[in-house]
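Q: Here's my sequence, what's the structure:
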Amino acid sequence: MSDANEIPTEASALLAQSRRVFLLTLRPDGSPTAHPMTGNFARGRLAFSSYRKAAKTRNAVRDPRSCALALEGYAGAGARAVVTRGRLQLLEGEAAAELLGAGGAAARPGNPGVAKRASDRLAEGKRVVLAIEPAEVELLRSGEA
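A: Residues are numbered from 1 along each chain as shown. Next comes the predicted model:
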């Protein structure tokens, strides 16, 4: 386990290429809930695009404590995961667009129509970015616990 200032190189590499990320937030009653997401690692933070009115956004505004689990594989010798614990920060407008752009959107080719709609909704204020300011980062390998 390392603090945010010392994200291991292997963990950074996995976060940069990972597509499977589960964001954990806290419900109003304090119980945890998981949100399957596509994460975007940029500038030492893991960021997620979300609708402003989504439960995960409301949870983050009310209580920013969070955790994210990025996976590579599910079993076997090559399976790895990165656990990032910290506080979610809500970003809007240019700050949000800059962070998402810094994550290398070109390196994540996908459906350009979906990306365009998300970008438009971000500009309209319907979408926001939730970014984890990491306090702890932990790399896990298959067979470790």
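Q: Wait, residue 32 touches residue 22, no?
A: No. Between residue 32 and residue 22 there is no contact under CB atoms under 8 Å: 10.7 Å. C-beta here means a position set from N, CA and C on the backbone, and glycine is covered the same way.
Q: So these two - more neighbours on which side?
A: residue 22 (15 against 12; other CB atoms under 10 Å).
Q: ok, that one - contacts?
A: Listed by CB atoms under 8 Å, 6 or more residues apart in numbering, the contact set of residue 22 reads 34-37, 68-69, 71.
Q: about what we covered before: report the set of residues contacting both of residue 32 and residue 22.
A: By CB under 8 Å, 6+ apart, no residue touches both residue 32 and residue 22.
Q: in what helix or strand does residue 56 lie?
A: In the assignment (DSSP states H and E), residue 56 maps to helix 55-62.
Q: again with residue 15
A: Assigned by DSSP H and E, residue 15 falls in helix 9-17.
Q: Start from the N-terminal end of the chain and give the helices.
A: With helices called from DSSP state H, the chain shows them at 9-17, 55-62, 93-102, 112-124.
Q: any idea of the mean pLDDT for the longest one?
A: To tie it back to what came earlier, the one meant is helix 112-124. Mean pLDDT, helix 112-124: 71.
Q: what do you get for stretch 63-77?
A: On average, stretch 63-77 scores 86.
Q: Please identify the buried residues of it?
A: If you call a residue buried by 16 or more other CB atoms under 10 Å, then stretch 63-77 has these buried ones: 64, 66-72.
Q: before we move on, what about stretch 72-92?
A: For stretch 72-92, by 16+ other CB under 10 Å, it's 72, 80-86, 88-91.
Q: Can you name the two of those residues that sit furthest apart?
A: 80 and 90 (29.1 Å; CB to CB).
Q: Distance from the chain centre to stretch 47-64, please.
A: 12 Å (CA atoms, centre = their mean, to the nearest Å).
Q: got it, and stretch 82-92?
A: That offset, for stretch 82-92, works out to 7 Å (CA atoms, centre = their mean).
Q: same thing with stretch 44-55?
A: 7 Å.
Q: No further queries at this time; thank you.
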